[in-house]
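Asker: this is a predicted model, with the sequence first.
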Amino acid sequence: MNLAVIHIDKDKMLSHTSLTDYSNALKILFCNGHDITHHFNINQSTNILPLVKNLKEQKVEAVLLTGDCGKLVLSFKEKCGASEDAKAFIIEGTLYIAAESLSAEHISTIVLPILQTKTKLIYQASVFRTFGLAERELTELLKDCIHNKDKITFRLFEVGGLEYEITMRYSNKVHPLIAQDLVKRTLDILQEHVYAHQSQSLQEAVLGLLHARGQALSVAESFTGGALSASLVAIKGASSVFKEGIVAYTDSSKMKRLQVDPKILKRFSAVSFETVYEMAAHVLMESGADYCIATTGYADESVVDPERKGYFFVAVGSNKGIHLYEHAYGGNRSEVIQFGVQYSLFKLYKLLTDNTH
């Protein structure tokens, strides 16, 4: 079904929490065969009648009312003769639902049961969590899959920083073998970039692999400034596999805490393959962990060479060897740091899923 959301708020702006809920609501609704095609932020003084008429003309099948919508819901119920405790009512042929919020709980317990009574189709969804490709790149790679003739729908949900959740939706009218074939084709195309087949973060994927193996991880951070460690310990159960996180931000700290050779710092600088290797090798050896990650780089323009903004080095490894990577990412300081965290974790994920390790 094609849906619209009318959010009523004093300042006509969604809060950060509401934006998060909105993103989650899009996913839940999409997986169950529903698409939010229109979204309006209004205040209580807005004349809603022209909007109601417009939505009917746009063939919107259902409207979710959220936010401070009590007065509007009450007036609608009086207009159509709905009972006071009714969550759904018909206005000029269109279904309206008093959703109150777009939280996962409200969508699952209030909205979906009502919507599902209006359709006989049952939907399934396959999920591909990817890292490393922009939306346009993913869309180009998957264009033949996306433009299929079997009414199988794809949607890309941005997680952040070249990280996407691709959802493939199909109804019970699609033959299972056709759906399975398209899943396989999609996976074959994206294989190098997929890290999960559910709504799972890189942190959860990496920690899950380590936990299953009974192995541990230690990290040494420079430009990520502890963000990598923080993202890991935010996951429940991290303490069983995360041994140590060292933030060695300055050259002197790298020499003192991670035994980086001052000659290497002088010759190659703190932002180099040589330095990140020394950081990784030391934290791996001294912590007794099975795997390690090290990061060093430039997060913003406060360096001598502005062209190296967002340029960083990452090392991931085990006692079988340490692998080195370099990358440049455009963005502000916090975006570069966050991308560096995810990039590092993805490289470790690939190492953990390598059959030789």
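Answerer: Good, I have the coordinates. Numbering: from 1, shown residues only.
Asker: give me phi/psi at the closest residue in space to residue 282 that isn't next to it in sequence?
Answerer: Once flanking residues are discounted, residue 282 sits nearest to residue 258: 4.6 Å by C-beta to C-beta, 6 or more residues apart in numbering. Where C-beta positions appear, they are placed from N, C-alpha and C, glycine not excepted. With angles defined as degrees, to the nearest 10, residue 258 sits at phi -120, psi 10.
Asker: quick one: furthest residue from the center of the chain?
Answerer: residue 81 (42.5 Å; C-alpha atoms, centre = their mean).
Asker: now do it against residue 90, distance only.
Answerer: Look at residue 81 and residue 90: by C-beta to C-beta, to the nearest Å, they are 10 Å apart.
Asker: kindly report the same for residue 161.
Answerer: Applying C-beta to C-beta to residue 161 and residue 90 gives a distance of 43 Å.
Asker: pick out whichever of the two has more residues nearby.
Answerer: Per other C-beta atoms under 10 Å, whichever of residue 161 and residue 90 has more neighbours is residue 161, with 19 against 12.
Asker: for stretch 123-140, buried residues please.
Answerer: Neighbour counts using 16 or more other C-beta atoms under 10 Å place 123, 126, 127, 128, 129, 130, 131, 132, 133, 138 of stretch 123-140 among the buried residues.
Asker: ok, which stretches of the stretch 51-200 of the chain are strands?
Answerer: 62-67, 88-91, 94-100, 123-131, 153-158, 163-171, 194-196 (DSSP state E, counting those that start in this stretch).
Asker: can I get the fifth one in CSV, CA atoms only?
Answerer: The C-alpha trace of strand 153-158 is given here as CSV (Å, rounded to 0.1, in the frame of the first residue of the first chain):
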residue,chain,number,x,y,z
THR,A,153,11.1,-4.6,-5.3
PHE,A,154,14.5,-3.4,-4.0
ARG,A,155,15.1,-0.5,-1.6
LEU,A,156,18.3,0.9,-0.3
PHE,A,157,18.4,2.2,3.3
GLU,A,158,21.5,4.3,4.2
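Asker: how about that strand: buried residues?
Answerer: 153, 154, 155, 156, 157.
Asker: ok, longest helix in this protein?
Answerer: helix 333-352 (DSSP state H).
Asker: how far is that one from where the chain is centred?
Answerer: Centroid separation for helix 333-352 versus its chain: 13 Å, with C-alpha atoms, centre = their mean, to the nearest Å.
Asker: again with stretch 149-163
Answerer: On C-alpha atoms, centre = their mean, the centre of stretch 149-163 falls 12 Å from that of its chain.
Asker: number the residues from 32 up from this point.
Answerer: In the new count, where the first residue is 32, that last one comes out as stretch 180-194.
Asker: residues in contact with it?
Answerer: By C-beta atoms under 8 Å, 6 or more residues apart in numbering, the residues outside stretch 180-194 that reach it are 54, 57-58, 61, 160-166, 169-170, 173, 176-177, 195-202, 204-205, 209-210, 213, 232-233, 360, 362, 366, 369-370, 373.
Asker: just the buried residues from these, in PyMOL please.
Answerer: Of the contacts of stretch 180-194, the buried ones can be selected in PyMOL as follows, counting by 16+ other C-beta under 10 Å:
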select buried, resi 57+58+61+160+161+162+163+164+169+173+176+177+195+196+197+198+199+200+201+202+205+210+213+232+233+360+366+369+370+373
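Asker: and the closest residue in space to residue 364 that isn't next to it in sequence, helix, strand or coil?
Answerer: Distances taken as C-beta to C-beta, 6+ apart place residue 331 nearest to residue 364, at 4.2 Å, with adjacent residues excluded. What DSSP: H, G, I helix; E, B strand; the rest coil gives for residue 331 is coil.
Asker: center of the chain, which residue is that?
Answerer: The chain, centroid-nearest residue using C-alpha atoms, centre = their mean: residue 190 at 2.3 Å.
Asker: against residue 86, how distant is it?
Answerer: 30 Å.
Asker: cool, and residue 253?
Answerer: For residue 253, the distance to residue 86 - C-beta to C-beta - is 53 Å.
Asker: between those two, which one's more packed in?
Answerer: residue 253 (28 against 25).
Asker: need phi/psi at the nearest residue to that one once chain neighbours are set aside.
Answerer: Nearest residue to residue 253, sequence neighbours excluded (C-beta to C-beta, 6+ apart): residue 327, at 4.0 Å. When read as degrees, to the nearest 10, the backbone of residue 327 gives phi -150, psi 140.
Asker: and residue 327, what does it touch?
Answerer: Contacts of residue 327 by C-beta under 8 Å, 6+ apart are 253, 254, 301, 302, 303, 306, 307, 310, 343, 344.
Asker: so which bits of the helix or strand hosting residue 305 are buried?
Answerer: Take DSSP states H and E as the rule and residue 305 turns out to sit in helix 304-318. Going by neighbour count (16+ other C-beta under 10 Å), the buried part of helix 304-318 is 305, 306, 307, 308, 309, 310, 311, 312, 313, 314, 315, 318.
Asker: what do you get for stretch 278-292?
Answerer: 278, 279, 280, 282, 285, 286, 288, 289, 291.
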